[in-house]
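Predicted structure and sequence below. I'll ask about it afterward.
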Amino acid sequence: MNRPVQSRQSENADPHEQYNPIPRIVILVILALLAWAVYYIVSAQPNSSPRLGDQRPLAVLAPAPGSVSADGKQLYANACVACHQATGQGLPGVFPPLADSEWVKGDPKVLAQLVLHGVTGAITVKGQEYQGAMPAFAEQFSDAELAAVLSFIRHEWGNEEDAITPEFVAEERAASGDRSQPWQGEKELLEWIAAH
């Protein structure tokens, strides 16, 4: 039996690429950016004389004698705030407070040794005992940086103690220079301070 032949309609024609140039506006934007880049490089004069920079004399830029050039507040924010908090109140039962602390307001030698070498074990702050570990910062900070952060905490959150100088920190660093371990609680630290 013969079936009628049905004509097949072909599908849509296969797509093919046409010549589509980049829009003129895109070319103009690229050319404008290139022209601006060339102008900027030429006008910046990277090989110009350094004398044309900051004209202030070195005496103005240098820190005053006896002042601390490091930013104690910034150093505290980077190294101490995670434990002792921005308010200096610490975390009750975990990290001791620095605000109104006898360790901060007391003998600066004790405070310097605490920060230089850290402490592991029992330490009593404002009548509460803390068991923990404070890291040593002797290797991380210079004398000027340690003096800056110690001065900051001694004059923040109601503490009104004298600033600590880099020379003082250098003396304390030299006095305990042979120490490589943290203080084993407040007892060992205070005994060492009494002997020195």
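Okay, I see it. All values derive from a computational prediction rather than experimental measurement.

Let's check: the centremost residue of the protein is which one?
For the chain, Asn78 is the residue whose C-alpha lies nearest the centre (CA atoms, centre = their mean; 4.0 Å).

Quick check: phi and psi at that residue.
phi -80, psi -40 (degrees, to the nearest 10).

now it: how far from Ala175?
Distance of Asn78 to Ala175, computed by CB to CB, to the nearest Å: 26 Å. Just so you know, the C-beta spots here come from the backbone N, C-alpha and C atoms, and that holds for glycine as well.

neighbours of Leu98, just the number please.
Other residues lying near Leu98 total 26 when counted by other CB atoms under 10 Å.

Arg173 versus the closest residue to it other than its chain neighbours, what's the distance?
Leaving aside its sequence neighbours, Leu98 sits nearest to Gly88 (CB to CB, 6 or more residues apart in numbering; 4.3 Å). Separation of Gly88 from Arg173 (CB to CB) stands at 24 Å.

The two - which one has more neighbours?
Gly88 (21 against 18).

does that one count as helix, strand or coil?
coil (DSSP: H, G, I helix; E, B strand; the rest coil).

Distance check, it against Trp103.
Distance, Gly88 to Trp103, using CB to CB: 12 Å.

ok, which stretches of this protein are strands?
Listed in chain order, the strands of the chain (DSSP state E) span 119-125, 128-134, 183-184.

in its sheet, what does the second one sit against?
Under the criterion DSSP bridges, strand 128-134 sits next to strand 119-125 (antiparallel) in its sheet.

ok, residues contacting the partner strand?
Strand 119-125 is contacted from outside by 90, 96-97, 101-103, 129-134, 182-187, 189, using CB atoms under 8 Å, 6 or more residues apart in numbering.

Over to stretch 74-85?
Outside stretch 74-85, the residues that touch it by CB under 8 Å, 6+ apart are 86, 90-91, 95-98, 134, 137, 140-141, 145, 148-149, 152-153.

Just name the closest of those residues to Phe168, please.
Ranked by distance to Phe168 (CB to CB), the contacts of stretch 74-85 are led by Ala148 at 12.1 Å.

how about the helices in the protein?
24-44, 58-61, 72-79, 81-84, 102-105, 108-117, 143-154, 166-175, 185-195 (DSSP state H).

Where does pLDDT dip in the chain?
Where the chain drops to pLDDT under 70, the residues are 1-10, 16-18, 45-69.

and with 50 instead?
Residues of the chain meeting the criterion pLDDT under 50: 68.
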